[in-house]
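Visitor: would you be able to build a 3D model of this:
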Amino acid sequence: MDCLFCKIVAGDIPSTKVYEDELVYAFRDIAPQAPTHILVIPKAHIASVAEVTPDNSHLVSRIFEVIPKIAEAEGLANGYRVVSNCGPDAGQTVGHLHFHILGGRELKLEMA
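Guide: Next up is the predicted model:
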């Protein structure tokens, strides 16, 4: 499989790891959109939110258990945003399910 995030999980491409367990990997975005910008992904390949099923939804659940822990460790006490883009029209550039944690400043609501 030629998936960038699968290669990151495998250690074939370097990343700045923030968190890892048996199901989830989190790392700093290389093009941050906020002072704190972390990507949280399942280690198993799921292309996007559109491919979440009863068989793999436990991975998404685990991600949402981990996100508050990462946010706390990053000092995001005033709040943070969690975003997942689904498909090219939404801006998804890597075909592996991922959630952005954005924080470290006041985030304005911007609707395109």
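
Visitor: would you mind finding the longest helix in this structure?
Guide: Counting residues, the longest helix in the chain under DSSP state H turns out to be helix 57-73.

Visitor: all strands of the protein, in order?
Guide: Per DSSP state E, the chain carries strands over the ranges 17-20, 24-28, 36-42, 80-83, 99-103.

Visitor: which strands and helices sit next to the longest one?
Guide: What that stands for is strand 36-42. Of the remaining helices and strands, those touching strand 36-42 by 3 or more C-beta pairs under 8 Å, 6 or more residues apart in numbering; DSSP states H and E are helix 4-10, strand 24-28, helix 57-73, strand 99-103. Heads up, the C-betas are built off the backbone N, CA and C, glycines and all.

Visitor: what helices and strands are in contact with the second one?
Guide: If I follow you right, that is strand 24-28. Helices and strands touching strand 24-28, by 3+ C-beta pairs under 8 Å, 6+ apart, are helix 4-10, strand 17-20, strand 36-42, helix 57-73.

Visitor: give the buried residues for it.
Guide: 24-27 (16 or more other C-beta atoms under 10 Å).

Visitor: could you give the angle of that strand to strand 99-103?
Guide: Counting by axes from the mean of the first three to the mean of the last three C-alpha atoms, to 10 degrees, strand 24-28 points 40 degrees away from the direction of strand 99-103.

Visitor: check contacts around the nearest residue to I46 once chain neighbours are set aside.
Guide: Closest residue to I46 apart from its sequence neighbours, by C-beta to C-beta, 6 or more residues apart in numbering: L97 at 4.2 Å. Neighbour list for L97: 41-42, 46-49, 51-52, 60, 84 [criterion: C-beta atoms under 8 Å, 6 or more residues apart in numbering].

Visitor: now the end-to-end length of stretch 44-63.
Guide: Counting by C-alpha to C-alpha, to the nearest Å, you get 12 Å between the two ends of stretch 44-63.
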